[in-house]
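Participant: Whatever this is, show me its structure:
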Amino acid sequence: MGFGGTRRGRLRSAALVPLAAAATVLALQAPAGAAPSEFDVPVSPSGVDISHPQCDTDLPDERAFAVVGVNGGLATRANPCLAEQLEWAWESNGSVLEQPVAQLYLNTANPGQVRDLVSTWPSAGETPYGDCDGGNSAACSWRYGWERARESVTDFFQPAARDAEVDTLPSSYRWWLDVETMNTWQAGSDDARERNRAAVEGMAAYLDFRRADVGLYSTGQQWARIVGTVPDDSPLAGLPSWLAGSLSLGQAVVACDKPPLVPGGRVTMTQYVPDDLDRNHSCG
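Facilitator: You can find the predicted model right below:
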């Protein structure tokens, strides 16, 4: 199945990658005594992730890649600055070749235990866990995740990408699922954690349906509290991990050797927050 969309942003940024790499090689091969203006090319080895808290703020000019939050803090809410931030993301320098220049992340949640207080809980739908009937079940949790991802892609991301005149194809991006305790989750039992896992699986399934690369963002502690142990046969097994929790680049480098969030996965990126802006180290 094909999906329409402008390719300007992706093609423009793709061209930056070999240029940045070539510039780095030239800088390394510069002869001794060469004038700085001839060979010094500013290249940042770190990425930056931003979302709605960075609306109307000054963003750094130098970054190797960028990760932009599609949601406005909740899975049901759009980032009001998404278009501007997408355009900024595609202008990253691409100096870290193993990381896509522009990446995205989605807020996740599972409000099944308070479903009577929300209007977005599903009442029907087929899932790998059986049919959803509106109850607090793994099936409806999975359906909730699928619907939140679908809405985030079709109602939030794609209109903003069109406004920014960048690539609207979900398959042109890496999508991270942000799993944090600050969002609404079920709690109190292994069954609750299984339902939470089903919600994350539903989101991953929709993104996979759109042929997008999917990864998981969390800390080991928060992941264990929300999702618990992921079985080997879960669709989440094998997905890459983006680990939060570091305060410095040195800590972020060490965190690359921490266990991944899921079996068969690998830590490919770590986040560190040295000041008021999130930065990211590629574990490549």
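Participant: Helices of this protein, residue ranges please.
Facilitator: 8-28, 36-39, 82-90, 138-151, 158-164, 190-209, 220-226, 249-255 (DSSP state H).
Participant: from these, which stretch is densest packed?
Facilitator: The highest average neighbour count among the helices of the chain, using mean count of other Cβ atoms under 10 Å, belongs to helix 138-151 at a mean of 25. Quick note: C-beta positions are derived from backbone N, CA and C, even for glycine.
Participant: average pLDDT across that helix?
Facilitator: Mean pLDDT, helix 138-151: 98.
Participant: Which elements pack onto it?
Facilitator: Under the contact criterion of 3 or more Cβ pairs under 8 Å, 6 or more residues apart in numbering; DSSP states H and E, helix 138-151 touches strand 125-127, strand 130-132, helix 190-209.
Participant: Export those as TSV, with columns for mean pLDDT and distance to A255.
Facilitator: Listed next are the helices and strands packed on helix 138-151 as TSV, based on pLDDT from 0 to 100; distance: least, Cβ to Cβ, whole Å:
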stretch	mean pLDDT	distance to A255
strand 125-127	97	34
strand 130-132	98	37
helix 190-209	98	21
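Participant: Nearest to R150, out of those?
Facilitator: Of all the helices and strands packed on helix 138-151, helix 190-209 sits nearest to R150, with 5.3 Å by Cβ to Cβ.
Participant: How far away from the center of its chain is the closest one?
Facilitator: Its chain's C-alpha centre and that of helix 190-209 lie 16 Å apart, by Cα atoms, centre = their mean, to the nearest Å.
Participant: tell me what it is packed against?
Facilitator: By 3+ Cβ pairs under 8 Å, 6+ apart, helix 190-209 packs against helix 138-151, strand 174-178, strand 213-218.
Participant: then that helix to PDB, C-alphas only?
Facilitator: Taking Å, rounded to 0.1, in the frame of the first residue of the first chain, the C-alpha atoms of helix 190-209 are listed here in PDB:
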ATOM      1  CA  ASP A 190       0.800  -8.600  36.700                       C
ATOM      2  CA  ASP A 191      -2.500  -8.600  34.800                       C
ATOM      3  CA  ALA A 192      -2.400  -4.800  34.800                       C
ATOM      4  CA  ARG A 193       1.200  -4.800  33.500                       C
ATOM      5  CA  GLU A 194       0.100  -7.200  30.800                       C
ATOM      6  CA  ARG A 195      -2.600  -4.900  29.700                       C
ATOM      7  CA  ASN A 196      -0.100  -2.000  29.600                       C
ATOM      8  CA  ARG A 197       2.100  -4.100  27.400                       C
ATOM      9  CA  ALA A 198      -0.800  -4.800  25.100                       C
ATOM     10  CA  ALA A 199      -1.400  -1.100  24.700                       C
ATOM     11  CA  VAL A 200       2.200  -0.500  23.700                       C
ATOM     12  CA  GLU A 201       2.000  -3.500  21.400                       C
ATOM     13  CA  GLY A 202      -1.000  -2.000  19.800                       C
ATOM     14  CA  MET A 203       0.800   1.300  19.100                       C
ATOM     15  CA  ALA A 204       3.800  -0.600  17.700                       C
ATOM     16  CA  ALA A 205       1.500  -2.700  15.500                       C
ATOM     17  CA  TYR A 206      -0.100   0.400  13.900                       C
ATOM     18  CA  LEU A 207       3.300   1.900  13.200                       C
ATOM     19  CA  ASP A 208       4.500  -1.400  11.700                       C
ATOM     20  CA  PHE A 209       1.400  -1.400   9.600                       C
END
